[in-house]
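Asks: okay, predicted coordinates and the sequence, questions at the end:
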Amino acid sequence: MANPVLLNNVDHKDLRVITRRGDAWGDNLMLAVTFPAEFRTLQGHYPIVFRKSNEGAFEPVALFGFQEGENLFLRDGRWDATDLPLSVERLPFMIGVSGQELIMHVDLDNPRVSSSEGEPVFLPHGGNTEFLERMNSTLLALHQGLQDIAGFTEALLQNELLESFVFDIELNDGSQNRLAGFYTINEDRLAALDGAVLERMNRAGYLAAVYFALASLSNFRALIERKNGHA
């Protein structure tokens, strides 16, 4: 359970953040939420698919594994990809809203939070470290990117471009695995869209994201190989 509090340089003057990667620091994630502007960088590493959130809205996610708690990108204390989703990179920080102002919170129950090791958040005299400034920028980019999800998924639904899929996997050891409960772009319906619809989607910045999401599906083969290597 998260324990977010408003970050400040008095109560948290000794706060440090562990930046190593591994299960012990909460990286045993099967997936992470992403957003259209991030697809360009993530599609080189992860399959990007869609799921329904707990509130029933569709959201895009980057897949790291095939089952809960499985992250096939963790290798010897590092994340084996050059780009992390911002929703992962920003931890243990999160954005809060106070009126019209965005404010920074820290989850004190996150395993990355420490007072003895990791990157310092504040300078000895109370100023922000470069690490905190970078996290601030990361949070802002994430906040802005997440605002695009509703419009993007609405455009996909209006044009009936999302379809559910089931992905059956047989590993080298003969074991059977199934990935279900996710959605992807229907390529036939995409190809049938008329020019006016494609132009609207392109002007909104959604068309490139659609093709990046489709291109990312080629990463399923690499993800299976990672699974075979972990088996």
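Replies: Right, received. Where do you want to start? Numbering: from 1, shown residues only.

Asks: got phi/psi on His12?
Replies: phi -120, psi 30 (degrees, to the nearest 10).

Asks: that one and Val5: what is the separation?
Replies: 8 Å (CB to CB, to the nearest Å). C-beta coordinates here come from the backbone N, C-alpha and C atoms, glycine included.

Asks: what's the overlap in contacts for these two?
Replies: Residues touching both His12 and Val5 (CB atoms under 8 Å, 6 or more residues apart in numbering): Val106.

Asks: pull the longest helix from this structure.
Replies: The longest helix of the chain (DSSP state H) is helix 130-146.

Asks: residues near the residue lying closest to Leu86 once chain neighbours are set aside, how many?
Replies: Among residues not flanking Leu86 along the chain, Leu142 sits closest, at 4.2 Å (CB to CB, 6 or more residues apart in numbering). The burial count assigned to Leu142 is 23, neighbours taken as other CB atoms under 10 Å.

Asks: show the contacting residues for Leu142.
Replies: Leu142 sits in contact with Phe35, Leu86, Ser87, Arg90, Ile95, where contact means CB under 8 Å, 6+ apart.

Asks: so the residue at the greatest distance from the centre of the chain, which of the three states?
Replies: Here the centre of the chain is the reference, and by CA atoms, centre = their mean the most remote residue is His125, at 34.1 Å. Three-state assignment for His125 (DSSP: H, G, I helix; E, B strand; the rest coil): coil.

Asks: re earlier: buried residues in the longest helix of the chain?
Replies: Phe131, Leu132, Met135, Asn136, Thr138, Leu139, Ala141, Leu142, His143, Gly145, Leu146 (16 or more other CB atoms under 10 Å).

Asks: pLDDT wise, what is the first one at?
Replies: Read it as Phe131. We have a pLDDT of 98 for Phe131.

Asks: mind listing what's buried in the lowest-mean-pLDDT helix or strand in the chain?
Replies: Using mean pLDDT, DSSP states H and E, the weakest-scoring helix or strand in the chain turns out to be strand 93-98, at a mean of 88. Counting neighbours by 16+ other CB under 10 Å, one finds that the buried residues in strand 93-98 are Phe93, Met94, Ile95.

Asks: the first one and Asn110: what is the separation?
Replies: Read it as Phe93. The gap separating Phe93 from Asn110 is 9 Å, by CB to CB.

Asks: check Ser218 too.
Replies: Taking CB to CB as the measure, Ser218 falls 33 Å from Asn110.

Asks: who has more neighbours, these two?
Replies: The neighbour count for Ser218 versus Asn110, taken as other CB under 10 Å, is higher for Asn110 (19 against 11).

Asks: thought the more buried one was touching Val88?
Replies: No - using CB atoms under 8 Å, Asn110 is not in contact with Val88, being 11.9 Å away.

Asks: from the buried residues of helix 130-146, which is closest to Ala196?
Replies: Gly145 (26.9 Å; CB to CB).

Asks: so what's the closest one up against?
Replies: Phe35, Pro36, Ala37, Glu38, Leu86.
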